[in-house]
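> I'll drop the sequence and a predicted model, then ask my questions.
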Amino acid sequence: MFSQKKRNLTWIYVCIILLIAVIAVFILIGALSNKNAEDAERTNLESKVSEENQTEPNADNATDVQEPEDSESDAEKFYQSYYLVKYDNNVIKIYFSDETGKLTELESTSIVYETLSQGDQAKFREGIKVENRDDLNRLMMDYES
């Protein structure tokens, strides 16, 4: 009788451990697929920006051949990519700035500018700079809801 109870308890413990392992695997798969989706979205965005850069006509072909400049001016020309959320033409829009500093409009938001506080309106007129997509999503959730 006592050995039967021990077998039942052992079976329950094994099932619990297997259940925990299966849940852990699903969590890991979800985290990896979310990361892959974010990487794919960033790659898609970067390719869109590079395509736009390639389709623009180069107005100053004469400046293609230049003498090398000092390293300080090269460092000053380097920009880090970021997102900019800014009020423009009665709509709050999302822009992406690539490594060259060129702003590309991505989309218009559903944020109603007139319902924002004076402080928030001032922030959006100047433009709110965010470093990555996660921060952009958090900002949009804060203001669009």
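All right, it came through fine.

> same question for the helix or strand harbouring Leu32, mean pLDDT?
If you go by DSSP states H and E, Leu32 is part of helix 2-55. What helix 2-55 shows for mean pLDDT is 75.

> and Ile27, what does it touch?
By Cβ atoms under 8 Å, 6 or more residues apart in numbering, no residues touch Ile27. In short, each C-beta sits where N, CA and C put it, glycine included.

> from Asn137, how far out is it?
20 Å (Cβ to Cβ, to the nearest Å).

> what do you get for Phe96?
Between Phe96 and Asn137 the computed distance is 14 Å (Cβ to Cβ).

> who has more neighbours out of these two?
Phe96 (20 against 12; other Cβ atoms under 10 Å).

> surely the more buried one meets Gln80?
No: taking contacts as Cβ atoms under 8 Å, Phe96 lies outside contact range of Gln80: 12.0 Å.

> doesn't Phe96 belong to a helix?
No: note on Phe96: no helix contains this position according to DSSP: H, G, I helix; E, B strand; the rest coil, which reports strand.

> please renumber so the chain begins at 271
I'll keep to 271 as the first residue from here, and by that count the last item is Phe366.

> give me the neighbour count for Ile364.
That count, for Ile364 with other Cβ under 10 Å as the rule, works out to 19.

> partner residues bridging it?
Going by DSSP bridges, Ile364 is paired in beta bridges with Val355, Glu377.

> you'd agree it is up against Ser380?
No: with contacts counted by Cβ under 8 Å, Ile364 stays clear of Ser380, the gap being 11.3 Å.

> common neighbours of the two, please.
By Cβ under 8 Å, 6+ apart, no residue touches both Ile364 and Ser380.
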